[in-house]
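Peer 1: Build the 3D model from these lines:
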Amino acid sequence: MPQAVWEPLSPSISVLTTPQHTFNTDTILLASFAAPKRHELCADFGTGCGTIPLWWAGRCTPKHIWAVELQEQAAWQAEESVRHNQLEESITIVRGDLRTLPRIPGMEDLHLISCNPPYQAAGAGIVSAGSQEQLARHELSCTMEDVVQAAFPRLRWGGRLCICQRPQRLADAMVLFRQNGLEPKRLRLVQQRPGKAPFLFLLEGRRGGKPGLTVEPVLLIEGENGGISAEMEAIYGEYRQTAGKKAHAPKGDKTE
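Peer 2: Numbering: from 1, shown residues only. Reported below is the predicted structural model:
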């Protein structure tokens, strides 16, 4: 495919990216925030080119991951990446709309679901020019409520849903989680550098969780003296330089 590029995610894992379906800083931060345990059954809703499942497979080795994607080209890229990395036994690509997914054996009792949902509510912001960008950035085919409602019945008791979103939608997310049986349990804000307002939040909700929210320290992309922070160094690992070039601004916005 023209303009397709293999981007490394770990020493042994690469993902096939194109200008239409790639990954950004938010994707990697969500993958790290939601990192599963070795024994867990997981899913990634709206997986795009499959970055989060591949990142997990290279670092966390959960029991199995289902990656759900509506857009044909993105799903094809994810499938190519799974084959390229010989992860067919670890990752299953599911082509379809998460709002109407049928029962899938094994995917009904999950420990963890992640989702990097569209950031702009329907009718808000400037609509992106390309159809792929519109679906990724605006709630045209999938709302945050759709994600939460699709996740709840597939999570086991104590199972987690992890999302990333813009700070202006934090109240919406909290309300939707609680209304749909997922108690907000962990929250982390992300800043570009000290002194700047957060541009992202990471939130975990737990099915059947008791009230009580842990607010984790702010994650800084850049350190006090400029350059990538020590925590971001640890997240990117030895592939920081290559990954850093792929550390795009959040969808539909630009970090400074």
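Peer 1: count of neighbours near the closest residue to residue 33 other than its chain neighbours?
Peer 2: Of all residues beyond its chain neighbours, the one nearest residue 33 is residue 202 (4.3 Å), with distances taken as C-beta to C-beta, 6 or more residues apart in numbering. (Glycine included, C-beta is placed from N, CA and C.) Burial of residue 202 is recorded as 21 neighbouring residues (other C-beta atoms under 10 Å).
Peer 1: Next: residue 210.
Peer 2: Using other C-beta under 10 Å, residue 210 has 7 other residues around it.
Peer 1: Need the pLDDT of it.
Peer 2: We have a pLDDT of 96 for residue 210.
Peer 1: roughly how far apart are the closest residue to it other than its chain neighbours and residue 154?
Peer 2: Computed as C-beta to C-beta, 6+ apart, the closest residue to residue 210 that is not its neighbour in sequence is residue 183, at 6.8 Å. Computed with C-beta to C-beta, to the nearest Å, the distance linking residue 183 and residue 154 is 17 Å.
Peer 1: Just want to know which of these two has more residues nearby.
Peer 2: Legend: neighbour count by other C-beta under 10 Å for residue 183 and residue 154, higher for residue 154 (22 against 17).
Peer 1: residue contacts, that one?
Peer 2: 43, 107-110, 113 (C-beta atoms under 8 Å, 6 or more residues apart in numbering).
Peer 1: Kindly list the main-chain dihedrals of it?
Peer 2: Per-residue torsions, residue 154: phi -100, psi -10 (degrees, to the nearest 10).
Peer 1: For the stretch 151-256 of the chain, which segments count as strands?
Peer 2: Secondary structure of the stretch 151-256 of the chain (DSSP state E, counting those that start in this stretch): strands at 155-165, 182-191, 200-207, 214-215, 219-220.
Peer 1: Turn these into a markdown table, columns for mean pLDDT and distance to residue 10.
Peer 2: Below are the strands of the stretch 151-256 of the chain laid out as a markdown table (pLDDT from 0 to 100; distance: least, C-beta to C-beta, whole Å):
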| stretch | mean pLDDT | distance to residue 10 |
| --- | --- | --- |
| strand 155-165 | 98 | 20 |
| strand 182-191 | 98 | 22 |
| strand 200-207 | 98 | 20 |
| strand 214-215 | 98 | 28 |
| strand 219-220 | 98 | 20 |
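Peer 1: Can you tell me which of those is packed in deepest?
Peer 2: Across these, the average number of neighbours (mean count of other C-beta atoms under 10 Å) peaks for strand 200-207, which reaches a mean of 22.
Peer 1: Helix, strand, or coil at residue 79?
Peer 2: Recorded secondary structure, residue 79: helix (DSSP: H, G, I helix; E, B strand; the rest coil).
Peer 1: For it, give its distance to residue 91.
Peer 2: Using C-beta to C-beta, we find residue 79 at a distance of 9 Å from residue 91.
Peer 1: overlap in contacts of these two?
Peer 2: Common neighbours of residue 79 and residue 91 are listed as residue 50 (criterion: C-beta under 8 Å, 6+ apart).
Peer 1: Comparing those two, which shows the higher neighbour count?
Peer 2: Using other C-beta under 10 Å, the more surrounded residue of residue 79 and residue 91 is residue 91, with 24 against 20.
Peer 1: before we move on, the earlier item: with distance to residue 55 added, can I get the strands of the stretch 151-256 of the chain in TSV?
Peer 2: Formatted as TSV, these follow (distance: least, C-beta to C-beta, whole Å):
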stretch	distance to residue 55
strand 155-165	13
strand 182-191	17
strand 200-207	15
strand 214-215	23
strand 219-220	16
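Peer 1: I figured residue 111 hits residue 34, correct?
Peer 2: No - judged on C-beta atoms under 8 Å, residue 111 makes no contact with residue 34 at a distance of 10.7 Å.
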